[in-house]
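> Predicted structure and sequence below. I'll ask about it afterward.
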Amino acid sequence: MSRAKTIQDFLRSDIIDIEELLCLALDFSKPSLCANPNHKISEGELAKLDLLIQKRESGEPFAYLSGTKGFYHLDFKVTTDTLIPRPETEILIDIALGLFDSSESIKVLDLGTGSGVIAITLADKCSSWKVSAADQSKAALKVATHNANTTKTNIEFRHGSWFEAVPNQCYDLIISNPPYVQTNDPHLADLQFEPIEALISGADGLEDIRIIIEQAPRQLNSGGYLLLEHGFNQQTEIMRLMRQSFSDVRGFQDNNGIDRAVLGRMK
Ligand SMILES: C[S@@+](CC[C@H](N)C(=O)[O-])C[C@H]1O[C@@H](n2cnc3c(N)ncnc32)[C@H](O)[C@@H]1O
């Protein structure tokens, strides 16, 4: 009869994300995993762990296995209907928090909200800001609504394509992390578990960004801001497009020193 496997047996293996997968299968925290290296893994736990290992090794991101992802100071539910929030996107929060005081009663719109991370993080940090969020994916909006409920943030969610979701509304800040990957980008193979409509945007990756830049001026209050996340090689073109209708156009880099965001102010 073979000996039951212990936590330690798995921790000694080179299985990708094994610590996290053990925590998930056994419902242990990391400290209790370390404190119980000789815990014998039951048949049920082993079946669960094997399945998780199999999925992770087939390339499924850990966030989809755990169903959660941390962003800024909060944890968010994620499903395969939503993009997994990226740490690079946190720079949009830092920039937005620097534009207005948290006590001002400004109107903010998060376009393409996905799991709701941008809208919810801002609403949680600035309870006086009136935050709306829109997406064309109803399934993503369901996840975002769940996240707003669990964080007790008050967000107005709207369904529709870009500004069609919020007709006749004007904002002080429009913020978006839209799809910006080129249709034929070879990196898409690594992103096969994420919703394609959250990623790609035409041959140059700029189709959606062009729509947002063109339509945003009609929905911004005087002196209002448009803040966009973009791909590593898109900043020059986006700044050129923004300068046609916006002043004080500025580019920002993420924490890895990669061009990542553009901000413009209504003329
Ligand atoms: C890159 S994801 C960003 C998700 C989230 N804001 C984040 O930063 O993690 C882009 C989002 O835009 C949404 N989207 C794509 N096309 C859209 C459109 N035409 N109108 C509104 N939302 C759209 C997708 O459903 C997806 O949720």
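Good, I have the coordinates. Keep in mind that this is a model prediction, so the values were computed, not measured. Numbering: from 1, shown residues only.

> and the residue positioned nearest the centre of the chain, what does it touch?
Closest residue to the average C-alpha location of the chain: residue 85 at 2.5 Å, with CA atoms, centre = their mean. Residue 85 makes contact with 69, 71, 76, 78, 114, 115, 117 under the criterion CB atoms under 8 Å, 6 or more residues apart in numbering. C-beta: built from backbone N, CA, C; applies to glycine.

> And it, how close does it get to residue 243?
Between residue 85 and residue 243 the distance is 29 Å, computed by CB to CB, to the nearest Å.

> need the contact list for residue 230.
With CB under 8 Å, 6+ apart, residue 230 has these contacts: 180, 209, 238, 259, 260, 261, 262.

> swap in residue 253?
With contact taken as CB under 8 Å, 6+ apart, residue 253 is in contact with 91, 259, 260.

> Could you rerun that using 6 Å?
Listed by CB atoms under 6 Å, 6 or more residues apart in numbering, the contact partners of residue 253 are 259, 260.

> Run through the bridge partners of it.
residue 259 (DSSP bridges).

> and it, what pLDDT?
pLDDT recorded at residue 253 is 98.

> go on, residue 1?
For residue 1, pLDDT reads 54.

> All the strands of the chain, residue numbers only.
For the chain, applying DSSP state E gives strands covering 68-71, 74-77, 107-111, 130-135, 155-159, 171-176, 220-229, 246-253, 259-266.

> Show me which residues of the first one are buried.
The neighbour-count criterion (16 or more other CB atoms under 10 Å) identifies 69, 71 as the buried residues of strand 68-71.

> Could you check it against the ligand for contacts?
No: interface with the ligand: strand 68-71 contributes nothing (CB under 6 Å from any ligand atom), its closest point being 7.5 Å away.

> Then the fifth one?
No: contact of strand 155-159 with the ligand is not found when judged by CB under 6 Å from any ligand atom; the minimum separation is 8.7 Å.

> hmm, who's touching that strand?
Taking CB under 6 Å, 6+ apart as the rule, strand 155-159 contacts 119, 123, 131, 132, 133, 134, 138, 141, 145, 148, 165, 166.
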